[in-house]
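Asker: Pasting the sequence and the predicted model now:
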Amino acid sequence: MAHPAAKVRIGESTRGEARNATPMLSAEWRALKSWYTMLPIALLSLTACVRSGGAPAHPDPDPAADRSATQPMPDPRVGLKAGQWDAGQAFWNMRLMSTTRPSERFANNSNSDLAFTSHYVIQGNYNGFQIWDIANPSHPTLETAYYCPAAQGDVSVYHNLLFVSNEGLEGRLDCAGDGVNATVSPARFRGVRIVDLTDAAHPKSVANVQTCRGSHTHTLLVDPRDHDNVYVYVSGTSPVRPQEELAGCSGTPPDRDANSALFRIEVIKVPLAHPEQAAIVGAPHLLADLKPVGTHGQPEADRAAVAAARAHGAFTVNVMGDETIVPSSFVDPLLDSIVKARGARGAAIADDSAKLRAVLPILMAKSIGMDTSMVGMSGMSGMSGMSASNVADQCHDITVFPAMGVAGGACDGYGMLLDIHDPAHPTRLDAVADTNFSYWHSATFNNDGTQILFSDEWGGGGGPKCRATDPREWGADALFKIVNRKLVFQGYYKLPAPQTPEENCVAHNGSLIPIPGRDVMVQAWYQGGVSVFDWTDAAHPQEIAFFDRGPIDSTRMVLGGVWSAYWYNGVIVTSEITRGLDILELTPSTLLTQNEIDAAKTVRFSELNVQGQPKFVWPPSFVLARAYLDQLARSNELTRDRITAVRRALDRSERDPATQRRASLTQLAAQLADAGPRRDPADPLRELIGVLDDLASTSAALRQ
């Protein structure tokens, strides 16, 4: 996937304010300003996060694990001990290789997404990014900690160029940490930052591409037909910026303004010879004609609990379509600010509380992307695109699959299939909605592009949505087949182990694992941990491995858990929001054999951006042949005796000198072909025969 002419030298030196906001007293507004930028992560996390730094912790490399074909009962993930650094852990068919705590300046903010280059992993953070050397996955070391605060630090890498998303109001062009206090400021940066990592120890800013709604996430597209440029698809979820801050930004709907910043993504073109000339070259309105979609709302038990709390005076606010109780740890300082703004001391009075109740929805709306003119309107009481009447005007994330010329768009109330053959002007092929979904968050294709998975980030990642009382279809993955460029629903997958009310848990970022002949996914579930599952049969997905920790705190909700879990060159690397960087590896079981794991390890990348999904290609090898043979044994497609005979024949052939190997492999392939014609191109027997033919050809080449 990398351009061969470029060379990476990394490491050689060793989510604006709306102009129609409801007015309030200016002194009170100024007093609340410092809390304003904290609201999105504060309310999503429901309470202040507990974070700590320190030296890396390297757990027992061989913890007790049940490697049977059925999940252990009772599920060891239920009832785990709580704790920041000493939480209980549960494993099944996986082991934890290392846990490395964040560096000091990053320990008090959330870790976000990951990108990979060479033996480095780049970990985004709301304070910037860290680069870890994972050449030894049991002992990662810190290469660089680059401080540049701005939500949410989504990262991608292409050779020596790093791309970082900036969306928060506090982001500055100069990366200073004192934020931006003015409503309109030339110092504010919201968009995609491009950084030169040629000298990893001294990252250098190359360009700052400003966008009208910031960049919550972005996707790097490497077009296989264009070796001179790369493209960045920008998903912005913030309010439209004032034109006084960024000219050309319009919050008028596209049916009245063709240049509207709503219902679209931006496309940045980056000339590789001159990345400083990066600029927006397209802004397709992919969502412009889609209709509002009804969503499921909250479970009855949650609605009753919120209503009871409100009746007793609790403050509530709408988060991702759900009415949520605002903890006293955030209400009390806000009330104190209002008291001080009127020049008083002591406890807040009824008028202070009334003012706070009036302003909370407005602050929240502005912080998370809603037009404040809609606050209080029927069906529009929640976040734009995430309420009971879901008006999708933004994408959260896009996964491109350049080898297939398609992309999967997770866009508020819709999942989309896009055509990206013209990288600067993607077009929509299909869009699907589901009332069981709250917020379409991300997408993953299977390797041949015949299936796609969409995740639902119900609750925005800050709520406990994996409780035993939560519906199995909510906050889950929706699995589709792609038939004639249309999306055909097949089923759902949700983390099977119930989590506590103190654990934020919902489907989040994951990646395909290169298990030959199968669609296997590793996925993060925040404090639900990591789940590995097979969705080859999309109507009947099956969990095959997991790793989980107990809640950070057993008495209250504290935001934490696994943001991203990605396979990279033989290991699973996870970004843990508070605890740092975890590296895991799969262990063999009857559900996933050592040969299948070893075959997956033969697929190597010099770079990986998971949302720029690469197509896996397995080099011919004896372990690949044995992986397909294991699958034939698991499905009982061949008799036990024949499986044994083929195993022995493979062993003999591998020991044969190259001069004899071609004949023995050709003979074995011919013997297997007598089972009859193979109609399914992904049939393990057909694949096995193909590998044997490839190995025979390789042996012939060795003789010449």
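Answerer: Received it, and whenever you're ready, just let me know what you need. Numbering: from 1, shown residues only.

Asker: and stretch 427-439, C-alpha only, in PDB?
Answerer: In PDB, the C-alpha atoms belonging to stretch 427-439 read as follows (Å, rounded to 0.1, in the frame of the first residue of the first chain):
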ATOM      1  CA  THR A 427     -20.500   9.400  -4.600                       C
ATOM      2  CA  ARG A 428     -23.200   7.500  -2.700                       C
ATOM      3  CA  LEU A 429     -24.200   4.000  -4.000                       C
ATOM      4  CA  ASP A 430     -26.500   3.100  -1.200                       C
ATOM      5  CA  ALA A 431     -27.600   4.200   2.300                       C
ATOM      6  CA  VAL A 432     -29.400   2.100   5.000                       C
ATOM      7  CA  ALA A 433     -31.000   3.100   8.300                       C
ATOM      8  CA  ASP A 434     -32.000   1.000  11.300                       C
ATOM      9  CA  THR A 435     -34.200   2.100  14.200                       C
ATOM     10  CA  ASN A 436     -32.100  -0.200  16.500                       C
ATOM     11  CA  PHE A 437     -29.100   2.100  15.800                       C
ATOM     12  CA  SER A 438     -28.500   5.300  17.600                       C
ATOM     13  CA  TYR A 439     -25.300   6.600  15.900                       C
END
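
Asker: what mean pLDDT does that stretch have?
Answerer: For stretch 427-439, the mean pLDDT works out to 95.

Asker: which of the residues in that stretch are buried?
Answerer: For stretch 427-439, the neighbour count (16 or more other C-beta atoms under 10 Å) marks 428, 429, 430, 431, 432, 433, 434, 436, 437, 438, 439 as buried. Every C-beta, even on glycine, is put in place using the N, C-alpha and C of the backbone.

Asker: Could you dump these into CSV and include distance to residue 161 and secondary structure?
Answerer: CSV is the format used below for those (distance: C-beta to C-beta, whole Å; DSSP: H, G, I helix; E, B strand; the rest coil):
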residue, distance to residue 161, secondary structure
428, 29, strand
429, 30, strand
430, 32, strand
431, 32, strand
432, 34, strand
433, 36, coil
434, 37, coil
436, 39, coil
437, 34, coil
438, 35, coil
439, 30, coil
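
Asker: Determine which two of those residues are furthest apart.
Answerer: The distance between the two most remote of the buried residues of stretch 427-439 (C-beta to C-beta) is 23.9 Å, for 429 and 438.

Asker: what residues are up against the most centrally placed residue in the chain?
Answerer: Taking C-alpha atoms, centre = their mean as the criterion, residue 509 is the residue nearest the geometric centre of the chain, at 2.8 Å. Going by C-beta atoms under 8 Å, 6 or more residues apart in numbering, residue 509 touches 113, 442, 455, 523, 524, 563, 564, 565, 566, 610.

Asker: Could you tell me the model confidence score at the spatially closest residue to it that is not a sequence neighbour?
Answerer: Distances taken as C-beta to C-beta, 6 or more residues apart in numbering put residue 564 closest to residue 509, at 4.0 Å, once the chain neighbours are dropped. pLDDT recorded at residue 564 is 98.

Asker: Touching the helix or strand harbouring residue 564 from outside, list them.
Answerer: Residue 564 belongs to strand 562-568 when elements are defined using DSSP states H and E. Applying C-beta under 8 Å, 6+ apart, the set of residues contacting strand 562-568 from outside is 110-114, 116, 121, 508-514, 522-530, 572-577, 582, 600, 605, 608, 610.

Asker: coming back round to it: so what pairs up with the residue nearest to residue 509 in the strands?
Answerer: Beta-bridge partners of residue 564, counted by DSSP bridges, are residue 509, residue 575.

Asker: Identify the residues contacting the nearest residue to residue 555 once chain neighbours are set aside.
Answerer: Closest residue in space to residue 555, ignoring its immediate chain neighbours: residue 502 at 7.0 Å, by C-beta to C-beta, 6+ apart. Residue 502 is in contact with 82, 464, 551, 552, 553, 554, 555, 556, 557, 558, counting by C-beta under 8 Å, 6+ apart.

Asker: okay if I get the buried residues of stretch 427-439 as JSON lines plus distance to residue 480?
Answerer: Below are the buried residues of stretch 427-439 laid out as JSON lines (distance: C-beta to C-beta, whole Å):
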{"residue": "428", "distance to residue 480": "15"}
{"residue": "429", "distance to residue 480": "13"}
{"residue": "430", "distance to residue 480": "9"}
{"residue": "431", "distance to residue 480": "12"}
{"residue": "432", "distance to residue 480": "7"}
{"residue": "433", "distance to residue 480": "12"}
{"residue": "434", "distance to residue 480": "10"}
{"residue": "436", "distance to residue 480": "13"}
{"residue": "437", "distance to residue 480": "12"}
{"residue": "438", "distance to residue 480": "18"}
{"residue": "439", "distance to residue 480": "17"}
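
Asker: Residue 694: which of these is nearest?
Answerer: Distance to residue 694, by C-beta to C-beta, is smallest for residue 429 among the buried residues of stretch 427-439, at 33.9 Å.

Asker: Any figure for the gap between that closest one and residue 263?
Answerer: 17 Å (C-beta to C-beta, to the nearest Å).

Asker: swap in residue 173?
Answerer: Taking C-beta to C-beta, one finds residue 173 at 28 Å from residue 263.

Asker: now swap in residue 523 and tell me
Answerer: In terms of C-beta to C-beta, residue 523 sits 29 Å off from residue 263.

Asker: Just want to know which of those two has more residues nearby.
Answerer: A side-by-side neighbour count of residue 523 and residue 263, using other C-beta atoms under 10 Å, places residue 523 first with 26 against 23.

Asker: which residue ranges form the helices in this protein?
Answerer: Applying DSSP state H to the chain gives helices spanning 26-36, 39-45, 300-311, 328-341, 350-368, 594-601, 622-635, 640-655, 658-673, 684-703.

Asker: which one of the ones you listed lies closest to residue 238?
Answerer: Closest approach to residue 238 among the helices of the chain is made by helix 350-368 (8.0 Å; C-beta to C-beta).

Asker: Chain neighbours aside, what residue packs nearest to residue 168?
Answerer: Distances taken as C-beta to C-beta, 6+ apart place residue 151 nearest to residue 168, at 3.5 Å, with adjacent residues excluded.

Asker: give me every residue that touches the closest residue to residue 276 other than its chain neighbours.
Answerer: Nearest residue to residue 276, sequence neighbours excluded (C-beta to C-beta, 6+ apart): residue 207, at 5.0 Å. By C-beta under 8 Å, 6+ apart, the residues touching residue 207 are 193, 194, 275, 276, 277, 278.

Asker: Which member of the residues you listed is positioned nearest residue 477?
Answerer: When the contacts of residue 207 are ranked by distance to residue 477 (C-beta to C-beta), residue 193 comes first, at 30.9 Å.

Asker: Buried ones among the contacts of strand 562-568?
Answerer: 110-114, 116, 121, 508-514, 522-530, 572-577, 582, 600, 605, 608, 610.

Asker: Sitting in strands, which of these do you find?
Answerer: 111-114, 116, 121, 510-513, 522-524, 530, 572-576, 582, 608 (DSSP state E).

Asker: Per-residue pLDDT of the residue nearest to residue 555, please?
Answerer: Reported pLDDT for residue 502: 95.

Asker: Please apply the same query to residue 656.
Answerer: Residue 656 carries a pLDDT value of 92.

Asker: Same question for the one 10 residues further on.
Answerer: Looking at residue 666, its pLDDT stands at 95.

Asker: how deep is it tucked in, by neighbour count?
Answerer: Residue 666 is flanked by 18 other residues according to other C-beta under 10 Å.

Asker: What of residue 689?
Answerer: Neighbours around residue 689, by other C-beta under 10 Å: 21.

Asker: Verify the contact between it and residue 672 for me.
Answerer: Yes: Residue 689 lies in contact with residue 672 (C-beta atoms under 8 Å); the separation is 5.4 Å.

Asker: Can you pull out the low-pLDDT segments for the stretch 551-700 of the chain?
Answerer: Low-confidence segments of the stretch 551-700 of the chain, defined by pLDDT under 70: 675-682, 700.
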